[in-house]
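Participant: Have a look at this prediction, sequence included:
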Amino acid sequence: MRSQSIKVLIDEIIQVIRPKNIITKSTEEFLIFLDEQGVEQELRVDKITIKE
């Protein structure tokens, strides 16, 4: 997965993240990404909306 920044909506807040990887745990997909402060985060992909 490329490490380019994308704008997304997480918990009603627009954020710019840098995706790192997608993993599967118990049939659910999770995105591993760096948040705006450079901290690695993991969140279910259905909780993230890509913004243009």
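Facilitator: Happy to help now that I have it.
Participant: Can you give the distance of stretch 27-44 from its chain's centre?
Facilitator: 5 Å (C-alpha atoms, centre = their mean, to the nearest Å).
Participant: which residues are contacting it?
Facilitator: Here stretch 27-44 makes contact (C-beta atoms under 8 Å, 6 or more residues apart in numbering) with 10, 15-24, 45-46, 48. Where C-beta positions appear, they are placed from N, C-alpha and C, glycine not excepted.
Participant: Only the buried residues of that stretch, if you could.
Facilitator: 30-31, 33-34, 43 (16 or more other C-beta atoms under 10 Å).
Participant: Longest strand in this protein, please.
Facilitator: For the chain, the longest strand by residue count, based on DSSP state E, is strand 13-25.
Participant: can you dump the C-alpha coordinates of the helix or strand just after that strand into PDB?
Facilitator: Using DSSP states H and E, the next helix or strand after strand 13-25 towards the C-terminus is strand 28-34. Only the C-alpha atoms of strand 28-34 are listed here, as PDB (Å, rounded to 0.1, in the frame of the first residue of the first chain):
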ATOM      1  CA  GLU A  28     -13.200  -7.900   9.700                       C
ATOM      2  CA  GLU A  29     -10.800  -5.700   7.800                       C
ATOM      3  CA  PHE A  30      -8.700  -3.100   9.600                       C
ATOM      4  CA  LEU A  31      -6.700  -0.200   8.200                       C
ATOM      5  CA  ILE A  32      -3.300   0.500   9.800                       C
ATOM      6  CA  PHE A  33      -2.400   4.200   9.300                       C
ATOM      7  CA  LEU A  34      -0.400   7.100  10.600                       C
END
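Participant: what's the angle from strand 28-34 to strand 13-25?
Facilitator: Strand 28-34 and strand 13-25 are oriented at 130 degrees to each other (axes from the mean of the first three to the mean of the last three C-alpha atoms, to 10 degrees).
Participant: Let me see the mean pLDDT of strand 28-34.
Facilitator: Strand 28-34 comes out with an average pLDDT of 97.
Participant: Show me the shaky parts of the protein.
Facilitator: Applying pLDDT under 70 to the chain picks out residues 1-3.
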